[in-house]
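Enquirer: Sequence isn't available, so here's the structure alone:
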């Protein structure tokens, strides 16, 4: 985002994989954080603590990023984000995103975690294609 502030838009979708028992609660917790305007702060804490995603951990991270705990707990208990997760998973299935992370740059699928340099190369290539004059028919 720092290198491409006017050309890059990041959209995050939830894709908790079924074999990861804590992925769905973590996805729900990130949506609860999003409801309070702190998605990226919470996201970053989750990814720094990927091996500690038990309910008590998720609540601790919510406190750490300054969430309203009453609202957070209600969101989690009500399952408010469940429909969003289902929609995100349906979209993932439709577009062939079977694992995490899966990223798209102008429709070009990037599977798995990639170094920043690899993303920059893809972004530069896709920007060049998008900015190239269109051939007349």
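Expert: Structure received. The shown structure was predicted, so the numbers you read here are calculated from the model rather than taken from an experiment.
Enquirer: Specify the helix with the largest residue count in this protein.
Expert: With secondary structure taken from DSSP state H, the chain has its longest helix at helix 116-131.
Enquirer: List the buried residues of that one.
Expert: When burial is assessed from 16 or more other Cβ atoms under 10 Å, helix 116-131 yields the following buried residues: 119, 122-123, 126. For every residue, glycine as well, the C-beta is placed using N, CA and C.
Enquirer: Would you mind checking the average pLDDT for that helix?
Expert: For helix 116-131, the mean pLDDT works out to 94.
Enquirer: From the chain's centroid, how far away is that helix?
Expert: Chain-centre distance of helix 116-131: 20 Å, with Cα atoms, centre = their mean, to the nearest Å.
Enquirer: again with stretch 8-16
Expert: Distance, stretch centre to chain centre, for stretch 8-16: 4 Å (Cα atoms, centre = their mean).
Enquirer: what does that stretch contact?
Expert: For stretch 8-16, contacts defined as Cβ atoms under 8 Å, 6 or more residues apart in numbering pick out 1, 23-24, 26-27, 30-31, 39, 43, 81, 84-85, 88-89, 91-92, 97, 100, 102, 123.
Enquirer: now stretch 41-53
Expert: With contacts defined as Cβ under 8 Å, 6+ apart, stretch 41-53 is touched by 12, 22-23, 25-26, 29-30, 33-34, 57, 61-62, 64-65, 67.
Enquirer: try it again with 10 Å
Expert: The contact list for stretch 41-53 (Cβ atoms under 10 Å, 6 or more residues apart in numbering) reads 12, 20-23, 25-27, 29-34, 36, 38, 57-58, 60-62, 64-67, 72.
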